[in-house]
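1. sequence-free structure coming up:
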């Protein structure tokens, strides 16, 4: 294609501007794709945070609030629920399994959750995957054993056998610590990419034991204190828990049981379907996510307008080039196609470089994102949707190229063969 | 009477809203003829070349090139006709700086099948045609062919432009002040080469310049001011 070669040669002659223009497009393409990938991945990892659980039950509040503290370890419960309420529903014939959860303590910014063996057995995330131990074992009968999420172990460099002290409350800087009752690391979970990675798991008994000598939110002083050894010999059945999760024998009974729980006379409780609550939560975050996407689209538009400006600016100084081409037989539409080719070539170079840049960025930041945000950005080929975006950018570039093309067409008709110095 | 290469009759032209710029009752250029047309700036020279190239249409009258009435052709057909039958040499900066010397010479062959065909018939290939023409015009150096056009001296560039005008044997070569950037000795040498090549290709040469000193070298010379009845006495 001779015209294309001519356009390339002319571009190469202006390579500094051309490279800058393509680079601006590359950056904008990279940003757009990165936003798109993070968005898709965030949505996927969000949706795969919990699976296989039919109902989540907590004290009566809002469904999003309940989902946030029970699954995402964000925010706090407004109230506890009684242990016997849990036992009541856990024993219900429709229920296959029940996981009690007791929250409210932390360790260096990571949340602590009191639960039972059932958690390791029944809790599922992603595509119905169970939790797996990377090393060690689940907590056993001793109350002062802890199983760490993968990120906690990584970030704080804990290994099996290490001792750690839990703090009361969930603030990053804790003033009150349960330092009289240290816990031993007995297991470390495999990475899940969910909030489980950022959680320390102890038994309900352990949770009870560290608070056994507490009254009204403060630890007992002097004689009232109970040592760890004393606590081991006491009845550590909790009085209250924060929430529980239920798996049912039959999905059909979900709504019936939900209604039973919501109408429970023992105390005000709320049962939610995780899928529905996730939807609700995502639709709230969806606005921000869409805004981000729109912003990155505008960045791409800015890149393309930069290209348009560069080409339009070059038109005047290239009148001679056009006139020479006219004198050797190029027709006005040849001149116009030269400019379209030029715009297309710049955009194509930008898109290719942008995709390349994206992969470099993903490769460089993958580990960090996985560790800190639980985002696993795939180094995969562009998805069909991403291909559509890229094609859209190229088409937009062609449309924009038609502006200078039209101007050059008019110009070359007016200038003819005369070359103005 | 043989068919004229160019035949203008009763040609009139004015830009919309402007007074008559050209009014040429009759003008002929014979095949193989070299004509010196004296045209000071403002005499309508550029416009006349535009009309001969088919870039503009006259407001009245007829322009025949090789017997073809240009005014009857569409804009696209005039463009095609121009490149098939006319080669151009301009004052200076004739070449696309980012192409090699060879690519510059071969440009018309990419836009005209006819000229590509003739070049291939006569020299075996377009590359060969370019090399031969350049050699005849005194640019023999092999390495020069692939050099960027803007690395050449002005004199060399004008010879490259001449080779480009001549490739594929157009019947007409129009030269618009091609020597004005050259010094005196180089001018005559350039013209001799140009004459020789036009003769060899059988092309007519329409040479427009204000430099009267070259006029004697041509078969015939004319002044546009005499030819053009619309020219004001001030410009003569």
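-> Cool, the structure landed. These figures come from a predicted structure and were not determined experimentally. Numbers count the residues shown, from 1 in each chain, chains lettered A, B, ... in the order given.
2. For the helix or strand of chain B with the lowest mean pLDDT, buried residues please.
-> Lowest mean confidence among the helices and strands of chain B (mean pLDDT, DSSP states H and E): helix B:224-227, at a mean of 81. If you call a residue buried by 16 or more other C-beta atoms under 10 Å in any protein chain shown, then helix B:224-227 has these buried ones: B:224, B:225, B:227. Where you see a C-beta, it was placed from the backbone N, CA and C, and this is true even at glycine.
3. Cross-check the contact I'm expecting between the last one and residue B:29.
-> No: Residue B:227 is not in contact with residue B:29 according to C-beta atoms under 8 Å; the separation is 11.7 Å.
4. Name the SS class of the one residue in the stretch 251-400 of chain A that gets nearest to chain B, please.
-> Nearest residue of the stretch 251-400 of chain A to chain B, counting by C-beta to the nearest C-beta: residue A:329, 2.6 Å away. When classified by DSSP: H, G, I helix; E, B strand; the rest coil, residue A:329 comes out as coil.
5. List the residues that contact the closest residue to it other than its chain neighbours.
-> Of all residues not flanking residue A:329 in the chain, residue B:83 sits nearest, at 2.6 Å (C-beta to C-beta, 6 or more residues apart in numbering or on different chains). Contact partners of residue B:83, counting by C-beta atoms under 8 Å, 6 or more residues apart in numbering or on different chains, are A:328, A:329, B:108, B:111, B:112, B:115.
6. try 7 Å
-> Residues in contact with residue B:83, defined by C-beta atoms under 7 Å, 6 or more residues apart in numbering or on different chains, are A:328, A:329, B:108, B:111, B:112.
7. does it belong to a helix or a strand, and which?
-> Residue B:83 is part of helix B:75-85 when elements are defined by DSSP states H and E.
8. The next helix or strand after that helix close to chain A?
-> Using DSSP H and E, the helix or strand that follows helix B:75-85 towards the C-terminus is strand B:86-89. Yes: contact of strand B:86-89 with chain A is found when judged by C-beta under 7 Å from any C-beta of the partner chain, involving residue B:88.
9. Centre of the chain to strand B:86-89, how far?
-> Distance of strand B:86-89 from its chain centroid, counting by C-alpha atoms, centre = their mean, to the nearest Å, is 3 Å.
10. residues making contact with it?
-> Applying C-beta under 7 Å, 6+ apart, the contact partners of strand B:86-89 are A:327, A:417, B:53, B:108, B:161-162, B:164-166, B:170, B:172-175, B:178.
11. for the chain, what's the longest helix?
-> Let's take chain A. In chain A, with assignment by DSSP state H, the single longest helix is helix A:274-317.
12. should've been chain B
-> Assignment by DSSP H gives helix B:184-201 as the longest helix of chain B.
13. Report the strands that pair with whatever helix or strand comes next after that helix, each with its relative direction.
-> Later in the chain than helix B:184-201, the nearest helix or strand by DSSP H and E is strand B:204-209. Strand pairing for strand B:204-209, using DSSP bridges, gives strand B:34-38 (parallel), strand B:172-176 (parallel).
14. looking at those strands, which is buried most?
-> Sort the strands paired with strand B:204-209 by mean neighbour count, taking mean count of other C-beta atoms under 10 Å in any protein chain shown, and strand B:172-176 sits at the top with a mean of 24.
15. ok, back up a step: take the buried residues of helix B:224-227 and write them to CSV, including distance to chain A.
-> Output for the buried residues of helix B:224-227, formatted as CSV (distance: C-beta to the nearest C-beta, whole Å):
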residue, distance to chain A
B:224, 16
B:225, 20
B:227, 20
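16. Centroid-nearest residue for chain B?
-> Residue closest to the mean C-alpha point of chain B, counted by C-alpha atoms, centre = their mean, is residue B:174 at 1.4 Å.
17. what's the nearest residue to that residue if we skip its chain neighbours?
-> Excluding the flanking residues, the one nearest residue B:174 by C-beta to C-beta, 6+ apart is residue B:206, at 4.9 Å.
18. what about the one you found, distance to chain A?
-> Shown here: residue B:206 relative to chain A, a distance of 13 Å by C-beta to the nearest C-beta, to the nearest Å.
19. That residue contacts residue B:35, correct?
-> Yes: Residue B:206 lies in contact with residue B:35 (C-beta atoms under 7 Å); the separation is 5.5 Å.
20. which residues do the two both contact?
-> Common neighbours of residue B:206 and residue B:35 (C-beta under 7 Å, 6+ apart) are residue B:29.
21. wait, residue A:148 sits on residue A:185?
-> Yes: counting by C-beta under 7 Å, residue A:185 is a contact partner of residue A:148 at 6.0 Å.
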